[in-house]
Structures are given as C-alpha cells and as structure tokens.
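Enquirer: Turn this into a model:
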Amino acid sequence: MEDSTPIPSTTPDDRAEHYLVLLSEHERALAAYVHALVPDRLDAEDILQSCKLTMWKQFGNFAPGSHFLAWARKIAFHQILNHRRSTKRKPLYSAEPAFLEAIATEIDRVSDTLSDRSEALHECLKRLPENQRRLVLLRYYEDHDIAAIAKETDRTEAAVYKLFSRLRTALNDCVKARLDSSAA
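Expert: Below you'll find the model as predicted:
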C-alpha cells in the first residue's frame with residue numbers, strides 16, 4: 001500500500017510539511033506498534049520521541065510514494081532494540097530480538113489487514129446516502145446513544161435499532177465485496 005500524499009518539491013519547508021503530513025496520518029498506528037512491543041508506557045513514549053527525531057533526520061532517505069508506515073515501523077523497531085541494549089537493568093520482560101521481530105512482523109501483517117478494512121469501510125461509508133451517513137457519524141463517531149438519535153431523527157428507538165442493523169449489514173457486505181475484489 002502506497003501513501004497517496006503527493007511528492008513535495010525540494011524546498012526545506014515543503015520537505016518539513018510533507019513529513020508532518022505523513023507523520024500525522026500514521027502517528028496513531030506507529031504509537032500502537034511501539035506500545036505493543038514495549039510494555040512500559042514511559043519507555044514506549046521515549047522511544048516514540050526518539051523514533052520521530054530519527055525519522056525526521058532520515059526523511060531524505062524516504063522514497064516518496066512508498067509505504068511511510070512500513071518505513072516508520074522499521075525505524076521504530078531499531079529504536080526499540082537500541083533502547084533494550086542501552087538499558088543497564090534487566091527488563092521486566094525477557095524478549096529476545098528474534099522474538100520481538102516475530103511480534104513486529106505479526107503486527108505488520110494484522111495492521112495491513114486492518115488498514116485495508118478501514119480503507120474499504122471509508123469507501124463504503126461514502127456510498128451511503130447522506131442521511132444514513134449522518135446517523136453512522138452520530139452513533140459511532142460522536143458517541144450519541146440510540147435514545148438521542150431517535151429523538152433527533154423523530155423515530156422510535158426500535159426503528160433506530162432496526163435501521164442500524166440494516167446499515168451494519170449493508171456496510172459489512174460492502175466491505176467484504178471491496179476486499180474480495182481487491183484480493184482478486
């Protein structure tokens with residue numbers, strides 16, 4: 001999967017902007033990756049900061065249009081290994097680099113699958129009629145409960161539950177179809 005962010009011009013400001021756009025787009029996934037591999041929250045945050053600094057320093061080596069998150073994960077993985085080497089105390093967990101690499105590989109695999117599903121869901125949501133898309137946003141992005149949605153849309157709660165059941169089924173079918181078509 002390639003990043004869709006256009007290739008920037010070569011000015012330092014454009015380079016910085018391009019880096020920040022890509023980082024903000026993938027920051028949560030990168031943080032989840034590091035936190036999954038590092039059990040101590042404070043260590044994970046230190047590693048993330050170090051990782052972002054290293055990524056910025058090495059951003060000139062990043063091939064525009066390639067998979068930014070994969071590149072960032074590779075840097076993060078090496079930062080984690082460096083952190084483990086630099087700690088003098090015995091860690092609370094005993095994980096060999098080969099074990100960490102196996103976990104990192106599995107996280108990459110699962111993350112790519114979730115990313116594909118997320119992208120498919122985003123496309124399926126775009127296809128919904130505006131009023132149905134608004135209901136999904138109210139429920140799942142703005143955390144409105146069914147009673148509030150029923151009141152706002154002048155429906156009974158039972159009608160809202162039925163509508164959401166149909167919407168979830170339609171979205172699930174759409175996502176499956178998009179994933180099946182992209183796999184073929």
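Enquirer: Tell me how far Ala102 lies from Lys74.
Expert: Noted for Ala102: a distance of 15 Å to Lys74, by Cβ to Cβ, to the nearest Å. Backbone N, C-alpha and C define where each C-beta goes, glycine included.
Enquirer: likewise Cys51?
Expert: Counting by Cβ to Cβ, the gap from Cys51 to Lys74 is 10 Å.
Enquirer: Which helix or strand in this protein has the lowest average pLDDT?
Expert: helix 97-127 (a mean of 74; mean pLDDT, DSSP states H and E).
Enquirer: next one: the helix or strand just after that helix to chain centre, how far?
Expert: Following helix 97-127 in sequence order, the next helix or strand is helix 130-136 (DSSP states H and E). Taking Cα atoms, centre = their mean, to the nearest Å, the mean C-alpha location of helix 130-136 is offset from the chain mean by 23 Å.
Enquirer: can you check stretch 168-175 too?
Expert: 21 Å.
Enquirer: What average pLDDT does that stretch get?
Expert: Average pLDDT, stretch 168-175: 91.
Enquirer: Pull the residues that contact it.
Expert: Stretch 168-175 has contacts (Cβ atoms under 8 Å, 6 or more residues apart in numbering) with Arg117, Ala120, Leu121, Glu123, Cys124, Leu125, Arg127, Leu128, Val136.
Enquirer: need those residues in CSV with neighbour count and distance to Val34, can you?
Expert: Output for those, formatted as CSV (neighbours: other Cβ atoms under 10 Å; distance: Cβ to Cβ, whole Å):
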residue, neighbour count, distance to Val34
Arg117, 14, 22
Ala120, 20, 26
Leu121, 16, 25
Glu123, 12, 29
Cys124, 18, 30
Leu125, 17, 29
Arg127, 11, 35
Leu128, 16, 35
Val136, 16, 31
